[in-house]
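[1] Need coordinates for the following:
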Amino acid sequence: VVIERHSVVLYDHCKAHGPVLTANAAHNHNVLDIDVGTVLLDGDISVRVFVLKTGAEQLQLRKGASGKVIQAGRGIKYGSVKGKVLCFVSFHTAFLDENSTLFKRQFVDGCHKPEHLQDHAFPPDFALELDITRRPT
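    Predicted structure coming up:
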């Protein structure tokens, strides 16, 4: 998971914690919970979920490696380990009025296209939920 503001990376989960290996991750009713901690968001934000193609085991040992978002946000590279964007959402923080924002499959870029359904099999009820806590003003 990478969180960006105006193409500047604000948070990189692989750098902070290493990759999420879904085979070993705790699943709860088909929910994968990735805690990104505290990230201050303001303005235009993109949340991108990447899948690593090779070398995830070596990357796990190198927590702290800096990723470089490439191909206009469609890919990521950690040294020789490359990945591609699985899905993403973009939004402006001014339009968030709840502590939890749910993006249903049809509003998540990359998972509603038929060619992606063949590769990654996003179920019809797939959604990306962001839990956001507002700073007191």
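[2] just how off-centre is stretch 84-98 within its chain?
    For stretch 84-98, the separation from the chain centroid amounts to 10 Å (computed by CA atoms, centre = their mean, to the nearest Å).
[3] Hmm, N99 and E129 touching each other?
    No: taking CB atoms under 8 Å as the definition, E129 is not a contact partner of N99, at 10.8 Å. (Each C-beta comes from the backbone N, C-alpha and C, glycine too.)
[4] shaky segments in the protein?
    Along the chain, segments meeting pLDDT under 70 span 21-31, 53-64, 112-121, 134-137.
[5] Can you tell me the number of residues neighbouring S100?
    Other residues near S100 number 10, with proximity taken as other CB atoms under 10 Å.
[6] Quick check: it touching A127?
    No: using CB under 8 Å, S100 makes no contact with A127, being 11.0 Å away.
[7] what's across from V2 in the sheet?
    D12, R48 (DSSP bridges).
[8] Verify the stated contact: it with H13.
    Yes: at 7.2 Å, V2 counts as touching H13 under the criterion of CB under 8 Å.
[9] who has more neighbours, the two?
    V2 (23 against 19).
[10] Run through the helices of the chain in chain order.
    13-17, 56-61, 114-120 (DSSP state H).
[11] May I have the top strand by length along the chain as PDB, with CA atoms only?
    When the chain is parsed with DSSP state E, its longest strand is strand 81-92. C-alpha atoms of strand 81-92 as PDB (Å, rounded to 0.1, in the frame of the first residue of the first chain):
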ATOM      1  CA  VAL A  81      11.800  -6.300  -7.000                       C
ATOM      2  CA  LYS A  82       9.100  -5.000  -9.300                       C
ATOM      3  CA  GLY A  83       5.400  -4.800  -8.800                       C
ATOM      4  CA  LYS A  84       2.300  -3.500 -10.500                       C
ATOM      5  CA  VAL A  85      -0.700  -1.600  -9.200                       C
ATOM      6  CA  LEU A  86      -3.500  -4.000  -8.300                       C
ATOM      7  CA  CYS A  87      -6.100  -1.200  -7.700                       C
ATOM      8  CA  PHE A  88      -6.300   2.400  -6.400                       C
ATOM      9  CA  VAL A  89      -8.600   5.200  -5.400                       C
ATOM     10  CA  SER A  90      -8.100   8.900  -5.600                       C
ATOM     11  CA  PHE A  91     -10.100  11.500  -3.600                       C
ATOM     12  CA  HIS A  92      -9.900  15.000  -2.100                       C
END
